[in-house]
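Peer 1: Please work out how this folds:
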Amino acid sequence: MSAALREGEDFIGNAVVFACHDGAGDFLFSKRSVNSRDEHGTWDPGGGRIELGDTVEETLRKEIAEEYCTEVLDVEFLGYRDVHREHAGNLTHWITLDFKVLVDRAKVKNGEPHKLDDVRWFKLDALPSPMHSQWPTFYTLYKDKLSACLGS
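Peer 2: Residues are numbered from 1 along each chain as shown. So this is what the prediction gives:
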């Protein structure tokens with residue numbers, strides 16, 4: 001009997017990553033618990049794997065509803081990234097489709113308390129620490145597009 005193939009390790013994984021905002025300059029981040037797949041205790045904007053049979057848009061809407069208990073009001077595709085890193089001693093490779101997503105701040109809550117220790121709003125110039133290892137690349141690539149929703 002052969003071992004199951006591992007997404008991101010035995011084949012390239014595909015995921016959506018989303019930076020949710022309220023349209024007034026605040027962005028939503030969640031703190032990963034010890035029950036998250038990796039990077040426990042770090043803050044990240046959110047994301048999830050694209051499952052067989054789901055479209056990218058279905059995945060985006062489903063993940064935001066699951067993690068943050070709210071619906072997508074508006075979405076902007078930011079771009080894609082090849083994410084190469086190490087997990088549990090193994091090299092991994094993911095392709096992420098990155099989005100900026102407007103959500104209703106009043107409806108947001110922690111929909112996955114078993115995976116997320118906390119969910120909070122932050123200004124981009126006052127983020128918590130430590131951040132997820134992929135945040136600096138995400139922010140560097142999309143800073144101008146993220147800042148465009150600040151109304152300035």
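Peer 1: CA atoms for contacts and neighbours, from now on please.
Peer 2: Will do.
Peer 1: Strands along this protein, start to end?
Peer 2: Ranges of strands in the chain, per DSSP state E, are 13-21, 27-32, 43-44, 47-49, 74-87, 90-102, 116-122.
Peer 1: want to throw those into a markdown table with mean neighbour count and distance to Ala4?
Peer 2: Output for these, formatted as a markdown table (neighbours: other C-alpha atoms under 10 Å; distance: least, C-alpha to C-alpha, whole Å):
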| stretch | mean neighbour count | distance to Ala4 |
| --- | --- | --- |
| strand 13-21 | 22 | 14 |
| strand 27-32 | 24 | 25 |
| strand 43-44 | 24 | 28 |
| strand 47-49 | 19 | 17 |
| strand 74-87 | 14 | 17 |
| strand 90-102 | 19 | 15 |
| strand 116-122 | 18 | 27 |
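Peer 1: For these, give me a markdown table that also has distance to Glu66.
Peer 2: Below are these laid out as a markdown table (distance: least, C-alpha to C-alpha, whole Å):
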| stretch | distance to Glu66 |
| --- | --- |
| strand 13-21 | 13 |
| strand 27-32 | 12 |
| strand 43-44 | 15 |
| strand 47-49 | 10 |
| strand 74-87 | 17 |
| strand 90-102 | 15 |
| strand 116-122 | 11 |
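Peer 1: now Arg49: how far from Leu97?
Peer 2: From Arg49 over to Leu97 the distance is 10 Å, taken as C-alpha to C-alpha, to the nearest Å.
Peer 1: Same check on Asp118?
Peer 2: Look at Asp118 and Leu97: by C-alpha to C-alpha, they are 24 Å apart.
Peer 1: cool, Ser36 as well?
Peer 2: Distance from Ser36 to Leu97, by C-alpha to C-alpha: 20 Å.
Peer 1: same thing with Trp135?
Peer 2: 14 Å.
Peer 1: what do you get for Gly13?
Peer 2: Distance of Gly13 to Leu97, computed by C-alpha to C-alpha: 11 Å.
Peer 1: Local confidence estimate at Arg85?
Peer 2: The model reports Arg85 with a pLDDT of 88.
Peer 1: Revised request: answer the last question for Met1.
Peer 2: If you check Met1, the pLDDT there is 56.
Peer 1: List the contacts of Asp104.
Peer 2: Under the criterion of C-alpha atoms under 8 Å, 6 or more residues apart in numbering, the contact list for Asp104 reads 22, 70-71, 73.
Peer 1: Make a markdown table from the residues you listed and add neighbour count and distance to Gly41 to it.
Peer 2: Listed next are those as a markdown table, based on neighbours: other C-alpha atoms under 10 Å; distance: C-alpha to C-alpha, whole Å:
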| residue | neighbour count | distance to Gly41 |
| --- | --- | --- |
| Asp22 | 18 | 24 |
| Thr70 | 21 | 23 |
| Glu71 | 19 | 26 |
| Leu73 | 11 | 29 |
